[in-house]
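Enquirer: would you be able to build a 3D model of this:
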Amino acid sequence: MKAAVIEQIGQPFVVRDDYELDSPIGREILVDVKASGLCHSDIYVATKELGMPLPLVLGHEVSGVVTEIGPDVTEFRVGDHVVACLAGFCGHCDRCLDGKPNLCRNYPIGTQRKPGEKPRVSLGGQALYQFSEIAGFAEQVLLHENNAVVVPDAVPFPQAALLGCGVTTGAGAAINSAGVRVGDNVAVIGCGGVGLNTLQGAALAGARTIIAIDLQPSKLELAKKFGATHTINPAEVDPVEAVKEITGGGADHAFEVIGGLKKTLEQAIAMLATGGTAYFIGAQPPEATLEIHPDFFLTNKRGLRGVYMGGTNFKRDIPMYAQLYLQGRFNLDDLLSNEISIDEVNEAYKELEKGGIARSVITRF
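Expert: The predicted structure is shown next:
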C-alpha cells in the first residue's frame, strides 16, 4: 500500500507503495484511512534531528473506517467511523484510574506490541518504528484501541481527522489545561490551526475578552469566526501593551501557540495580569532556553505551564467536539483549507509553512 515516507531528515517525503501492515492481534484495530491531516508537528519531526529511527512514516490526524479487529477488542466493531489520537494510554496505571489518561505512566509501552511479536508496520520488508503509535500518512493504520475513538458517521472524514490533534490540543488548552471560566480575559499568540481552536475553546468556556494575535491579516480575520473579540497585529502595535489596554490590566490566560520563538514566549508572560498564567503550546527546538526571574511569578502570583495535547481525555473530548460540531456550535469547516492527494504532501507542507492556511488534509491515495 501507499505511504509518504521520510527517508532522510530534512529531505522531502517520498511516496512508496511497499508499505505493509500486519493483521490486528490482541486489542488492535485495522483502519482504512479516509482523511489524514498535515500537522506542524509532523514537519517539525521531519526536519529536526531528534533521534527518530529512519525511515519514518509520520502523520497522526487520522479518520477512517474500521475494517478488522483483534480478538480482544471490546470498544469497536467493523464499520465504525473512528478518529485516531496520539494521546493514548494504558488504562490501568494510577493516573489512568484517577481519570487522567493524558498523564498515563505507561504510554506508549502499554499500547505497543511486546518484544518478540511481529512488528505492526514494515517498509520493503524492514520493520519500522510506528511514529505516534499511528503513522497516518498511509492508506491504512493499525492501532491499539486506546489510540482511537468512535465518532458519529455524520461527521465528514476531513473534519473528523482534525479532531485527533489540532482541535483537542487547542480547545483542550483553554478548557482542560487553563480551565477558562466565564468572564476571563484570554490572549492567544499564533492563529494557525491550534491557535484557532484555542480561541474557540475559550469562547465555548465563556471568556469575556478573547484576543487573537498574529502577523497575518488573513488569519486575524479568520480568528473572528472562532470567537476572537479583538485582534492584534504585532507589526502595527506592541502586543503586550495592546493586551493590557484592551483588558484593563492584562490577560488571565495567555497562550503561546507558535513555538520556536523566544520573543513570543516572553510576550505571553509579559502580558499577564496579576494572578494570570502563561501556557506554552508550540513546540520548541532542543536548544531553546528562557530566562525568567522568580520574582516575576512570586510577587505577582503569576504562573507558567506547559501544555501537551490540551490535557485531553480524548475518549471523552473528541466525541464531545464532534457532537458540538453537528449541533452547529463548534467550527470545524473553516479549519479545513484544502483536500489533497498523498502525492501532493510536499507541496502542501510548503504552503503550510507560508502561514496562510489552517489545514490541508490528505483524502486521496
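
Enquirer: what ranges do the helices span in the chain?
Expert: Using DSSP state H, the helices of the chain run over 40-47, 94-97, 157-162, 168-172, 193-205, 217-223, 239-247, 262-270, 294-298, 314-326, 345-353.

Enquirer: now the third one: mean pLDDT?
Expert: What helix 157-162 shows for mean pLDDT is 98.

Enquirer: now render the helices of the chain as JSON lines, adding mean neighbour count.
Expert: To be clear about C-beta, it is placed using only N, CA and C from the backbone, and glycine gets the same treatment. Supplementary listing: those in JSON lines, determined by neighbours: other CB atoms under 10 Å:
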{"stretch": "helix 40-47", "mean neighbour count": "20"}
{"stretch": "helix 94-97", "mean neighbour count": "14"}
{"stretch": "helix 157-162", "mean neighbour count": "26"}
{"stretch": "helix 168-172", "mean neighbour count": "29"}
{"stretch": "helix 193-205", "mean neighbour count": "29"}
{"stretch": "helix 217-223", "mean neighbour count": "18"}
{"stretch": "helix 239-247", "mean neighbour count": "19"}
{"stretch": "helix 262-270", "mean neighbour count": "19"}
{"stretch": "helix 294-298", "mean neighbour count": "11"}
{"stretch": "helix 314-326", "mean neighbour count": "20"}
{"stretch": "helix 345-353", "mean neighbour count": "17"}
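
Enquirer: closest one to Pro286 among those?
Expert: Minimum separation from Pro286 across those (CB to CB) falls at helix 40-47, 11.1 Å.

Enquirer: quick check: angle from that closest one to helix 345-353?
Expert: Between helix 40-47 and helix 345-353, the angle formed by their directions is 120 degrees, by axes from the mean of the first three to the mean of the last three CA atoms, to 10 degrees.

Enquirer: what sits up against helix 40-47?
Expert: The set of residues that contact helix 40-47 without belonging to it, under CB atoms under 8 Å, 6 or more residues apart in numbering, is 6, 9-10, 13, 52, 56, 58-60, 131, 137, 165, 192-194, 259, 283, 349, 352-353.

Enquirer: put the buried members of those into a ChimeraX selection.
Expert: Below is the selection syntax for ChimeraX that covers the buried ones among the contacts of helix 40-47, with 16 or more other CB atoms under 10 Å defining burial:
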select :6,13,56,58,59,60,131,137,165,192,193,194,259,349,352
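
Enquirer: which of the contacts of helix 40-47 fall in strands?
Expert: When DSSP state E is applied, the contacts of helix 40-47 are split such that Ile6, Leu56 fall in strands.

Enquirer: so Asn313 touches Leu103, yeah?
Expert: No - here Asn313 lies out of contact with Leu103, judged by CB atoms under 8 Å, at a distance of 10.1 Å.

Enquirer: more neighbours, those two?
Expert: When Asn313 and Leu103 are compared on other CB atoms under 10 Å, the one with more neighbours turns out to be Asn313, at 19 against 15.

Enquirer: what does the model give the nearest residue to that one once chain neighbours are set aside for pLDDT?
Expert: Across the structure, with CB to CB, 6 or more residues apart in numbering as the measure, the residue nearest Asn313 apart from its sequence neighbours is Pro101 (5.5 Å). Looking at Pro101, its pLDDT is 94.
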